[in-house]
Each structure stands twice: as C-alpha cells, then as structure tokens.
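Enquirer: Sequence and predicted model, in that order:
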Amino acid sequence: ASYAQGIGPTLDLVIPKDAAGRLTRPTTLVADAHKVGLVLHPYTLRNENPFLPADFRKGTDPDGYGDVFGAYRTYFATGIDGVFTDHPDTGLLARQEFVND
C-alpha cells in the first residue's frame, strides 16, 4: 500500500474455478488487500456465456447472455470494491441491485 492505492487482479484470484469452470470458495485476497488499505477491482465481467463461470451460463447459445446478475452478486458478496466490465450498464444495474437487496 506504500506505492499503490489498489489492485486489479483477475476474477479467478478472488474466486477460483474448478476444472469444469464452476466457482469454488473465495480466496482471502479481498480481506488481505483491505487489511493493508488497498481497494480491489478485479477484471473482467461480461454478459455472454463463454465469459461467465459455468454456474451462471444459460441455454445453448454460446454468445447468449447468462445469469450475469447472479455472477455479479457472487463477486460483490466477497467484498470487492468494484469490477472491470465490458458492459458498464449491466455492472451499474447489478451493483444497485446488490446494494438495495
């Protein structure tokens, strides 16, 4: 924290995936970063099935949208401070939903 204000790791460092692409248990990265005063914005959440953890894919269309709001909820629940996304409109709506639940 003496030279940085935050970190932007891959989402897999926050919640790793198993061999089938399903999320496992969150790591201690968020707590560790916060403990030393760093904010954490992992990358990159997208709406399309191929970019989502297998738990949140829907249907058979590889380019179809999955349950991205479920994925956001799961990552936000780890305590991350924000997220990089290619769909800022979805990210904003998902964050508002998460905060207001």
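Expert: Yep, it's here.

Enquirer: the strands in this structure, which residues?
Expert: Ranges of strands in the chain, per DSSP state E, are 6-7, 39-40.

Enquirer: The last one - what's its average pLDDT?
Expert: Looking back up the chat, that one is strand 39-40. Taken as a whole, strand 39-40 carries a mean pLDDT of 97.

Enquirer: Tell me which stretches of the protein form helices.
Expert: 29-35, 68-76, 88-100 (DSSP state H).

Enquirer: Now find how far off-centre the last one is within its chain.
Expert: For helix 88-100, the distance from its own C-alpha centre to the chain's C-alpha centre is 12 Å (CA atoms, centre = their mean, to the nearest Å).

Enquirer: same check, this time on the second one
Expert: With CA atoms, centre = their mean as the basis, the distance from the averaged C-alpha position of helix 68-76 to the chain average is 6 Å.

Enquirer: do stretch 6-23 as well
Expert: 8 Å.

Enquirer: Also stretch 35-46?
Expert: Distance, centroid of stretch 35-46 to centroid of chain: 9 Å (CA atoms, centre = their mean).

Enquirer: What residues of it count as buried?
Expert: For stretch 35-46, the neighbour count (16 or more other CB atoms under 10 Å) marks Leu40, Pro42, Leu45, Arg46 as buried. To be clear about C-beta, it is placed using only N, CA and C from the backbone, and glycine gets the same treatment.

Enquirer: And the contacts of that stretch?
Expert: 1, 4-11, 13-14, 29-30, 33-34, 51-52, 68, 71-72, 75, 80-87, 91 (CB atoms under 8 Å, 6 or more residues apart in numbering).

Enquirer: For ChimeraX, write the selection for the buried entries among these.
Expert: Entered in ChimeraX, the line below selects the buried ones among those, by 16+ other CB under 10 Å:
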select :7,9,11,14,29,30,33,51,52,68,71,72,75,80,83,85,87,91
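
Enquirer: Give me the below-cutoff pLDDT ranges for the protein.
Expert: Residues of the chain meeting the criterion pLDDT under 70: 1.
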